[in-house]
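Colleague: Everything below, folded, please.
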Amino acid sequence: MRLIVTTFVGVVFGFLIGVSFPTLSLTKLNLSSSLLPSVDLSYNEKGKSSISDFYSYVKKNSSSTQYQRPNDTSKIWVPTNPRGAEMLPPGIVEAKSDYYLRRLWGKPSEDLTTKPRYLVTFTVGIKQKNNIDAAVKKFSEDFTILLFHYDGITTEWDDLEWSQRAIHVSVRKQTKWWYAKRFLHPDIVAPYDYIFIWDEDLGVEHFNAEEYIKLVRKHGLEISQPGLEPNKGLTWQMTKRRGDREVHKQTEEKPGWCTDPHLPPCAAFVEIMAPVFSRSAWRCVWHMIQNDLVHGWGLDFALRKCVEPAHEKIGVVDSQWIVHQTVPSLGSQGESQNGKAPWQGVRERCRKEWTMFQMRVANAESAYFKAMEMYNSTTAH
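Modeller: I've put the predicted structure just below:
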């Protein structure tokens, strides 16, 4: 009887996890080894699946039922390869990519004279061409430049010298988080130490990208943004520039806004207009971005779930600051419906998405903890 109950609960638990976390990696769950096989799914930092990983795995599991040797030894099956590539020999698996531009001639090994260490993206329209030109010039050749064109206009940028070496992606009437989910997969941006995902309406007169990176490293920030000039486009006290320090990680807000001084919007918080992510932080954040919620509203309050402790690893860089010019570019990309102006429909969608995202996070966490409670109660007896 006990076996039947345990089996039933296990099935329910698996169903809940599957429904609540369609992209959840089972290797991240802290579950008993009796429930999950201890399979090492890692591959090295360069994106190559290592043959030594496979040998180690076979040696570790050859005496158990977790590794089944193929009956036909002429067939290849490597469980330590990335999912879907098990039939390939590890030495040919290329699990990651990049945005490095390559030639169409010569030796591949001689294509790259340098490899940029950082990536900066801007979601742009042609009306902000001059502003983007000024912004891009603040980033050295150690940055790959990636422009997402929401108005479909690309050739008009060709007269800018740096545009020839930039990456241009054009899809009409989409937001930067739509682009980010589709073109900034963690395995594509893996070569970059930091990823800047910026709006187009940012004044950068007082910003230096190289100095910014130095400060982010110095203060151990995994998620950050430049301070905002206090008199322009300011919504939250946390992102307001402080003139007396390099970085701040905490602030005071209006009474009642912060239930905990270590939680948003008083700490562990940056806005979504100009965030900067470390490689590891972005891998987590990318998986949290919802495919159908394109505006990113509410994401800023949830970024803390991707670093620990969040109030120490999320912060604002004050000595390298920017100005938010508050250009309402997205509103012009909407459509007039039911007598409402295009910008009104866009704003309504933003608010709806914020509510939907909050509900999804809350429901997912609730389902997870209920499933864990159910699992723990069955294993305790």
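Colleague: Make sure residue 282 is indeed in a strand.
Modeller: No: the assignment for residue 282 is helix, going by DSSP: H, G, I helix; E, B strand; the rest coil, so no strand is present there.
Colleague: what's the neighbour count on it?
Modeller: The number of residues packed around residue 282, counting by other CB atoms under 10 Å, is 26. Quick note: C-beta positions are derived from backbone N, CA and C, even for glycine.
Colleague: Contact partners for it?
Modeller: By CB atoms under 8 Å, 6 or more residues apart in numbering, the contact list for residue 282 reads 184, 186, 189, 195.
Colleague: give me that answer again for 6 Å
Modeller: Residue 282 makes contact with residue 195, according to CB atoms under 6 Å, 6 or more residues apart in numbering.
Colleague: Now do the same for it: its pLDDT.
Modeller: Here, the pLDDT recorded for residue 282 equals 98.
Colleague: Run through this protein and note the low-pLDDT ranges.
Modeller: By pLDDT under 70, the low-scoring segments of the chain are 1-72, 231-233, 328-336, 342-343, 380-381.
Colleague: can you map out the strands along it?
Modeller: Assigned by DSSP state E, the strands in the chain fall at 118-124, 143-149, 167-170, 194-198, 202-203, 223-228, 247-248, 276-278, 314-324.
Colleague: what's the second one in contact with?
Modeller: The contact list for strand 143-149, computed with CB under 6 Å, 6+ apart, reads 99, 116, 118-124, 136, 166-170, 179.
Colleague: With respect to residue 337, which of the strands of the chain lies nearest?
Modeller: Evaluated with CB to CB, the strands of the chain place strand 118-124 nearest to residue 337, the distance being 23.4 Å.
Colleague: What pairs with the closest one, parallel or antiparallel?
Modeller: Applying DSSP bridges, strand 118-124 is found paired with strand 143-149 (parallel), strand 194-198 (parallel).
Colleague: what would those strands look like in a markdown table with mean neighbour count?
Modeller: Below are these laid out as a markdown table (neighbours: other CB atoms under 10 Å):
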| stretch | mean neighbour count |
| --- | --- |
| strand 143-149 | 22 |
| strand 194-198 | 24 |
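Colleague: could these be laid out in JSON lines, adding distance to residue 305?
Modeller: Putting the strands paired with strand 118-124 into JSON lines (distance: least, CB to CB, whole Å) gives the following:
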{"stretch": "strand 143-149", "distance to residue 305": "25"}
{"stretch": "strand 194-198", "distance to residue 305": "17"}
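Colleague: Excluding chain neighbours, what is closest to residue 242?
Modeller: The spatial neighbour of residue 242 that comes closest, neighbours along the chain excluded (CB to CB, 6 or more residues apart in numbering), is residue 318 at 4.5 Å.
Colleague: I figured that neighbour was touching residue 241, is that so?
Modeller: Yes: counting by CB atoms under 6 Å, residue 241 is a contact partner of residue 318 at 5.1 Å.
Colleague: Spell out which residues are contacts of both of those two.
Modeller: Common contact partners of residue 318 and residue 241 (CB under 6 Å, 6+ apart): residue 227.
Colleague: Count residues in the vicinity of the residue nearest to residue 242, would you?
Modeller: By other CB under 10 Å, 19 other residues sit near residue 318.
Colleague: what about the helices in this structure?
Modeller: With helices called from DSSP state H, the chain shows them at 2-20, 51-61, 129-136, 176-183, 209-218, 279-288, 299-302, 310-313, 342-379.
Colleague: In JSON lines: the ones you listed, plus distance to residue 267.
Modeller: Listed next are the helices of the chain as JSON lines, based on distance: least, CB to CB, whole Å:
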{"stretch": "helix 2-20", "distance to residue 267": "28"}
{"stretch": "helix 51-61", "distance to residue 267": "39"}
{"stretch": "helix 129-136", "distance to residue 267": "28"}
{"stretch": "helix 176-183", "distance to residue 267": "23"}
{"stretch": "helix 209-218", "distance to residue 267": "17"}
{"stretch": "helix 279-288", "distance to residue 267": "16"}
{"stretch": "helix 299-302", "distance to residue 267": "12"}
{"stretch": "helix 310-313", "distance to residue 267": "4"}
{"stretch": "helix 342-379", "distance to residue 267": "18"}
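Colleague: how much space between residue 145 and residue 289?
Modeller: Shown here: residue 145 relative to residue 289, a distance of 22 Å by CB to CB, to the nearest Å.
Colleague: tell me the contacts of residue 373?
Modeller: Residues in contact with residue 373 (CB under 6 Å, 6+ apart): none are found.
Colleague: What distance do you get for the residue lying closest to residue 245 once chain neighbours are set aside to residue 139?
Modeller: Distances taken as CB to CB, 6+ apart put residue 318 closest to residue 245, at 5.5 Å, once the chain neighbours are dropped. To residue 139, residue 318 is 20 Å away according to CB to CB.
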